[in-house]
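Student: Sequence and predicted structure are below.
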Amino acid sequence: MVAAFYPIAYAADRLAPGAGIENLTPAGTEPHDLELSPRDVEKVAGADVVLYLGQGFMPALEDAVAGRDNAVDLLAGEELQAPQDGGAANDESRLDPYVWLDPVRYAAMVAHHRPDARRPHRRGQCRAGRERGRMLPAVAAVIPESVRELLATGPLGTVITTNADGTPHVTVAWAGFDGDELVMATFYNLAQRKLRNLRRDPRVAVSFLAKEHAGQGLHPYAVIEGRARISEGGALDVMDHLAQYYIGPGQRFPMRDVPEGIVVHVAIDRIYGQGPWREEAGGS
């Protein structure tokens, strides 16, 4: 895997440890001034994936990857901001591509591109998960089958996000797996605090308490930690997918005349708690 410069290489290494990330930009070189050597061109051509920032930020690399299926532009779909110097906000030539200098925007960009859309479709994956664009090839947390079985019993999810002042915000929601992501959806109040928090800070934890307990030891529970991205529309499709667990097999969400809403996708970093998944996931 080839990364255009260090911040991208760092994120890729965290998401895919051991994948052999190669940073194209030498120390002391500005990424937008990078000129590719013949050896660099060979690396780009031979890489499984090339991660870069487009929109004119690295013109030499953009020329080298033009038309290649192995290139991923991490700025694709990102809303760039005008520099804070009083310049015209609608001047596209002056939009600020330095996303990695803002920790919140950097984290959101990485979270947005993390799931690997090229992995095979899993049975039980709803349409929202099948329609993702091409993204970073990540090594996600392994989801124990026991956790999938727990969520299939329909326990409500306790969702914890972070307020702007650092305090926790707690809500309850339907939640379940869509392939290897956790998904939730909502139709109304799209400016609610939970969604505002996730747009500012994508870190989220969702806790599930088992409905049944054998009576020995702690009551079983599972906690899923990850990073969220929010997509517009598709909420009813997700709620229909979850209704089979919360209402019953073959059931659909009872409200049909609803807005398109939003879907929250959680790329899973860690699973822990009390139950068989504790050992399976290596949790604590």
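Tutor: Noted; the coordinates are in hand.
Student: Just the buried residues of stretch 251-269, please?
Tutor: Going by neighbour count (16 or more other Cβ atoms under 10 Å), the buried part of stretch 251-269 is F253, G261, I262, V263, V264, H265, V266, A267, I268, D269. C-beta: built from backbone N, CA, C; applies to glycine.
Student: The closest residue to the fifth one other than its chain neighbours is in what secondary structure piece?
Tutor: For V264, ignoring the flanking residues on the chain, the nearest one in space by Cβ to Cβ, 6 or more residues apart in numbering is M184 at 4.5 Å. With secondary structure defined by DSSP states H and E, M184 is part of strand 181-186.
Student: Can you name every helix or strand that that strand contacts?
Tutor: Contacting strand 181-186 under the criterion 3 or more Cβ pairs under 8 Å, 6 or more residues apart in numbering; DSSP states H and E are the following elements: helix 127-130, strand 176-178, helix 235-246, strand 262-274.
Student: and stretch 64-83, average pLDDT?
Tutor: The average pLDDT for stretch 64-83 rounds to 74.
Student: For this protein, which element, helix or strand, carries the lowest mean pLDDT?
Tutor: In the chain, the helix or strand scored least confidently by mean pLDDT, DSSP states H and E is helix 127-130, which has a mean of 48.
Student: tell me which residues of whichever helix or strand comes after that helix are tucked away?
Tutor: Per DSSP H and E, helix 127-130 leads on to helix 145-151 as the next helix or strand towards the C-terminus. Across helix 145-151, burial judged by 16+ other Cβ under 10 Å covers S146, V147, L150, L151.
Student: and which of those residues is nearest A164?
Tutor: Lowest distance from A164 to those (Cβ to Cβ) belongs to L151, with 30.0 Å.
Student: What ranges does the stretch 1-150 of the chain have for its strands?
Tutor: Applying DSSP state E, counting those that start in this stretch to the stretch 1-150 of the chain gives strands spanning 2-3, 22-23, 50-52, 71-73.
Student: Low-confidence bits of the stretch 101-250 of the chain, can you list those?
Tutor: Counting by pLDDT under 70, the stretch 101-250 of the chain has low-confidence residues at 101-105, 108, 111-141.
Student: out of everything not next to it in sequence, what's closest to V204?
Tutor: Leaving aside its sequence neighbours, V204 sits nearest to A228 (Cβ to Cβ, 6+ apart; 4.9 Å).
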